[in-house]
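Enquirer: Any chance you can model this:
(chains A and B, ligands or ions: 2)
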Amino acid sequence: MTSLPALPTTLPATLPATLPSPVRFCADALARDGALVEVANAADGEEEALAILPSALATRLALQEEVQVASAARTGAVACGLGTGLLDRLVDERSSLRGYVVADAELAAPRASQAEALAARFALRNAVVDVGAVRARNEAYAFVGTRLVVEADDRDEAFEVLALCASDGAAPDSALVAALALDTTSALRGAHRALPAVRAEVLPPRLRARLAALAGAHQDNVARRHRRDHERVDAYFHELIYETRTGRKQRDPAAVKARVEHLENERAAKLAELRARYTLRARATIVFAAVVEVPTIVVDVRVRRRKEERVLSLHLPSAARTLDVPACDGCLLPAARPAVCDDKIHLLCERCAPSAQGRLACPVCGR
Amino acid sequence: MEIADVTTGDVTALLRAPMTLVDLSLAVRAHTLASAATFTDLLSPQSLAGVDAHTYQHDTVRRVLRVLRGRALLADEVGLGKTVEAILVLREYQLRGMARRTLVIAPPALVPQWRGELLAKAGVQAATLDDHAFEQDPAAFLARDGVVLASLAKARGAKVAPLLQSASWDLVVVDEAHHIKKQSTLGYKLVDGLKSRFLLLLTATPIETSLEELYALVTLLRPGQLTTASAFKAQFVDKSDPTSPKNRERLRQLLGDVMVRNTRAACGLKLPPRFVTTAVVEPLAAERALYDRVVDLVRADAQAARRTLLGTTLLLEAGSSPDAVRATLDRATALDGPAFAAAREAARAATQTKKLEQLVALVRAHGGHALVFTRFRATLAAIERAFNDAGVRHVVVSGAQSADEKALAVERFREERCALVSTDVGAEGTNLQHCNVVVSFDVPWNPMLLEQRIGRVHRMGQTRDVHVYNLAMKGSAEEKLLDVLDRRLHLFELVVGEMDMVLGNLADDRDLEERVLALYAASKDEAEIDRGFDALAAEIGAARGTYENSKKLDDAVFGEDFAA
Ligand SMILES: [Zn+2]
Ligand SMILES: [Zn+2]
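Expert: Ligands and ions are numbered 1, 2, ... in the order given. Here you go, the predicted model:
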């Protein structure tokens, strides 16, 4: 083992365009813990920040009390790009925090005429819909931060914000999440009021669906690698056992038997190890919730099916280009092209009530 | 597929702790940055301190991650930094959350070095099996997240091996993996029984004597990749010529699935030549007398079975300068006896060393720009005096200085192109390639230390021929040792890292320092000492032969076919 001759090499990293600035993040995180921070653009266009740290913070992070933080490594500055110790540490600290926020959205109210027009186009696969009352009000939406991890011999990870209307679990247009800019919270104002009720039961099935989608993208590859390794190991032991049985070396049948048994155990152990290595494991962790009141236009629609009828409230929040997609009464996932059941007018998605089916068997009524 | 259940309880728990908008903003960005790891090419280059890894090393890490999927034989030629590659892979997996639990297995001698490099380069505090916590509760110790460092000797033991095998690891790294290439050895069985997603085997010599050695290592990584041992032999081994496999193209394909081997030639890592000169200096009479008295002292101590450490120090000091001996004897006031008295007397009488004149001449011959090493502070002071008297401009770096002082001296050395006098610890880790002259004013008995001194300037970035001078007093241990290492065995012609391999092949695993001292302590006269050095020469010569044969074999079989 020898130490290396040194040559400068920098590696261009390919990152998603929306990645937050590591310098800004570090600067804000240090400021949150009491540091005085000033962010500036260096001559070469790289961001950097000068921070004066309280001594306890400096000690905790093993930094000088006065520190220059820069996105790229250079003398006199602490690098905080991806993979650096400082960023790693602050990201760890900040992402292990759990909690909720209650806030108001500072967004322009949507137009009632747009909501009405969209509601007029709201269609059910098997029922008639009439547009009713239209009114403006603030509606609470929950934005639930989730870390999704899929892991086998490889690992994939995603951070997603699941949005839902707090009262009924309908899913708003992604434009709302974008407009609220949770990373800067520039469109939020903190509010001092009790946490409104959130229809949390829609979350587990939705997260399961997200995990299945994420895992599904890897499933084939993992299975293929598993099959390939399994076949190779299996064939190898097969061959070893065959050689033991037919080989010239061992003639003593008892010895041959013992050796074969040993090999069979070993094969089982190696194959079990492969199974463990290639089992795709997916898990979701809910890390925060922001419950935000958003200016919304609510449109009541009357749904009629045979003798029954039901009033649904559809909403168009600020910034959204489409109405919220209501939750399926069956599986609780957003129901994009819903149908309703005959008896109770349960709203059902295409999976719960496939179109081709003759008489609709309602999973909710059947429970 | 296993999808862990999410419950509404997760949400209700969350809804108990209010947070501020600032915290929310930070949390959103923290989670985004954390999950960005997945999209990023390599994270580890940023995360290693003081390592400017080469392009071929990045390529190696990418290949290990993406193509070999974390199970690989890293078989770079010596000196190309397999350790750094392994640490890069380890960090990469750590940063991506895929290596929570890592086991590193290395020969006992390399455990401290691994520990140091993991800490210095990756900021990873590795636990070792020598830790008290392991003795107390091995199961709990092995269940913790992090990196565990184990010596092969300890890990394969009957007590420890089952513990390591019952733990589950994300990554196992085996350094100098040629030690486990025989399937009948405990080391092989240990690694074969470890449960780990990822496995890195590091060795510069996957084949030492026969192609079949490769079989075991590859089978550890991917059982069945080379079919069974007998089928492998039949298909690939040519009995008449073990260096030249049959079905070469097929073998190349199969090995490509598990192995990376970078070569100097392919990486463009050829260094300019170095010229090593032993400068033997005839001592002054008083100097010679002092040396003889110190040898007497060593023998007297050995007979009384005392103080080998002091003996080693004094004998090394006698080879360095009278000042060094005097400093130690002055400090050791509690010691007495006739041998001591005689040595003290001789040390008082010896006020000069001839080597200083030689040093001044050498430095002047190279325009005053030279890197001078000594092991002892007292000698360093003597060199400073001599330089001052002779008007040789110089700066000094030693372990006694602060980091800032050292940096300043190194800066002046570069800008003023003067001489730099340094102790071994003084110049650690600084890049001094602007200079191409290295003088060892005293010669360490362990050639690795000498190699490290030379390596300060003879490394990547050096553009000129490098001149190395080793000063030794005629008749000293250093002269005899240099005669063996340089004149007889040409050991300094080896490239970086090869000396390690050669010395690693010695049957006697005592440090060379220990062996040289033992030689002096146990011998009655000069002739006996010389016979001892002859034996040492034969032993090192054989070790070099072993290494060179295996290198030839590896080159013949692999060539440049497996570069990343
Ligand atoms: Zn449904
Ligand atoms: Zn129903």
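Enquirer: By mean pLDDT, point me to the weakest helix or strand of chain A.
Expert: strand A:78-79 (a mean of 85; mean pLDDT, DSSP states H and E).
Enquirer: Please name the residues that touch the residue nearest to residue B:356 when sequence neighbours are not counted.
Expert: Nearest non-adjacent residue to residue B:356, counting by Cβ to Cβ, 6 or more residues apart in numbering or on different chains: residue B:386, 4.2 Å away. Where you see a C-beta, it was placed from the backbone N, CA and C, and this is true even at glycine. Under the criterion of Cβ atoms under 8 Å, 6 or more residues apart in numbering or on different chains, the neighbours of residue B:386 are B:356-357, B:359-360, B:392.
Enquirer: what's the answer for residue B:424, then?
Expert: The contact partners of residue B:424, taken as Cβ under 8 Å, 6+ apart, are B:373, B:375, B:444, B:449, B:452-453.
Enquirer: picking that back up, element containing the residue nearest to residue B:356?
Expert: Assigned by DSSP states H and E, residue B:386 falls within helix B:377-390.
Enquirer: Measure how far that helix is from the centre of its chain, please.
Expert: 31 Å (Cα atoms, centre = their mean, to the nearest Å).
Enquirer: Briefly note if whatever helix or strand residue B:83 lives in comes near chain A.
Expert: Following DSSP H and E, one finds residue B:83 within helix B:82-95. Yes - using Cβ under 8 Å from any Cβ of the partner chain, we find that helix B:82-95 touches chain A at B:82-84, B:91, B:95.
Enquirer: counting contacts, what elements does that helix pack onto?
Expert: Helices and strands touching helix B:82-95, by 3 or more Cβ pairs under 8 Å, 6 or more residues apart in numbering or on different chains; DSSP states H and E, are helix B:44-47, helix B:55-62, strand B:71-74, strand B:101-106, helix B:111-122, strand B:168-174, strand B:195-202.
Enquirer: wait, which of those is closest to ligand 1?
Expert: Among those, the nearest to ligand 1 by Cβ to the ion is strand B:195-202 (37.3 Å).
Enquirer: Isn't residue B:511 up against residue B:447?
Expert: No - taking contacts as Cβ atoms under 8 Å, residue B:511 lies outside contact range of residue B:447: 11.2 Å.
Enquirer: When the two are compared, which one has more neighbours?
Expert: residue B:447 (24 against 15; other Cβ atoms under 10 Å in any protein chain shown).
Enquirer: Need phi/psi at residue A:172.
Expert: phi -80, psi 160 (degrees, to the nearest 10).
Enquirer: Past the least confident helix or strand of chain A, which element shows up next along the chain?
Expert: Counting by DSSP H and E, the next helix or strand C-terminal to strand A:78-79 is helix A:85-95.
Enquirer: quick one: that following helix near chain B?
Expert: Yes - contact of helix A:85-95 with chain B (Cβ under 8 Å from any Cβ) involves A:85, A:87-88, A:90-95.
Enquirer: Tell me which of the contacts of residue B:424 fall in helices.
Expert: Judged by DSSP state H, the contacts of residue B:424 include B:449, B:452-453 as members of helices.
Enquirer: Now do the strands in chain B.
Expert: B:2-3, B:71-74, B:101-106, B:127-128, B:146-151, B:168-174, B:195-202, B:259-260, B:274-281, B:371-374, B:394-397, B:419-423, B:437-440, B:466-473 (DSSP state E).
Enquirer: Lowest mean pLDDT across the ones you listed, which one is that?
Expert: When the strands of chain B are compared on average pLDDT, strand B:2-3 comes out lowest at a mean of 79.
Enquirer: Need the residues that contact it.
Expert: With Cβ under 8 Å, 6+ apart, strand B:2-3 has contacts from A:208, A:211-212, A:215, A:279-283.
Enquirer: and with 10 Å instead?
Expert: Defining contact as Cβ atoms under 10 Å, 6 or more residues apart in numbering or on different chains, one finds that strand B:2-3 is touched by A:150-152, A:207-209, A:211-212, A:214-215, A:279-284.
Enquirer: and if you look at stretch A:231-251?
Expert: Stretch A:231-251 is contacted from outside by A:253, A:255-264, A:266-268, A:270-271, A:273-274, B:219, B:222-231, using Cβ under 10 Å, 6+ apart.
Enquirer: What about ligand 1: which of these touch it?
Expert: When contact is defined as Cβ under 5 Å from the ion, the contacts of stretch A:231-251 do not meet ligand 1 at all.
Enquirer: Please spell out the ChimeraX selection for the buried subset of those.
Expert: Entered in ChimeraX, the line below selects the buried ones among the contacts of stretch A:231-251, by 16 or more other Cβ atoms under 10 Å in any protein chain shown:
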select /A:256,259,263,266,267,270,273,274 /B:219,222,223,224,225,226,227,228
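Enquirer: Without its sequence neighbours, what residue ends up closest to residue B:518?
Expert: Nearest to residue B:518 is residue B:510, by Cβ to Cβ, 6+ apart, at 7.9 Å.
Enquirer: What distance do you get for the one you found to residue B:519?
Expert: Going from residue B:510 to residue B:519 by Cβ to Cβ, to the nearest Å gives 11 Å.
Enquirer: The two: which is more packed in?
Expert: residue B:519 (20 against 10).
Enquirer: burial count for the nearest residue to the more buried one once chain neighbours are set aside?
Expert: Spatial nearest neighbour of residue B:519, excluding adjacent residues (Cβ to Cβ, 6+ apart): residue B:532 at 4.1 Å. Here the number of neighbours of residue B:532 (other Cβ under 10 Å) works out to 18.
Enquirer: show me the contacts for residue B:532.
Expert: Contacts of residue B:532 (Cβ under 10 Å, 6+ apart): B:480, B:515-516, B:518-520, B:522-523.
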